[in-house]
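*Asks:* sequence and predicted structure below; questions after.
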Amino acid sequence: MKKQTLGMMISSLRKEKGMTQLELAEKMGVTDKAVSKWERDLSFPDINSIPKLAEIFEISVDELMQVKTETKENISKNKVDGIVDIALKGIGIAMGIAVTVLSVLGELESKSAFIMLGIGLTGVSISLLKDKQAEK
């Protein structure tokens, strides 16, 4: 899910509930101009009113604020994923360099060159596919 600003979040939740800015303002005890400013990220709701806003939208404060708690396991997994990604790209670069150098030196057969380039391209492709899936 794409990260939204608080204003975008308020606007989309209000629209999901079929409320106008005026209706939300009345429930919150503020003016519709205040709600308009929140939704355009020109100002923000008072910190003490955030729980009431979450209650109106029937979501938790964490969901409203888009809080994602990272556990130690998630942090470790992210580090491992980063290392694997670097290794896959490194293999691709290393294979390309090896083929180039060995070809210049005349020490490489065509079959071996294609195998090495295939391994390198596979590593880079896997890395790119992982990046693309992470965007979704």
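*Replies:* The structure has been received and is ready for your questions.
*Asks:* can you point out the buried residues in the helix or strand where M116 lies?
*Replies:* M116 is part of helix 110-135, with elements assigned from DSSP states H and E. For helix 110-135, a neighbour-count test (16 or more other C-beta atoms under 10 Å) marks 113, 116, 120, 123-124, 126-127 as buried. For every residue, glycine as well, the C-beta is placed using N, CA and C.
*Asks:* okay, those residues in a markdown table with pLDDT next?
*Replies:* A markdown table is the format used below for the buried residues of helix 110-135 (pLDDT from 0 to 100):
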| residue | pLDDT |
| --- | --- |
| A113 | 90 |
| M116 | 92 |
| G120 | 90 |
| G123 | 89 |
| V124 | 89 |
| I126 | 90 |
| S127 | 87 |
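*Asks:* nearest to P45, of those?
*Replies:* S127 (41.6 Å; C-beta to C-beta).
*Asks:* quick one: contacts for that closest one?
*Replies:* Residues near S127 by C-beta atoms under 8 Å, 6 or more residues apart in numbering: 85, 88-89, 92.
*Asks:* what count of nearby residues applies to the residue nearest to S49 when sequence neighbours are not counted?
*Replies:* Nearest residue to S49, sequence neighbours excluded (C-beta to C-beta, 6 or more residues apart in numbering): M28, at 6.2 Å. Neighbour count for M28, taken as other C-beta atoms under 10 Å: 17.
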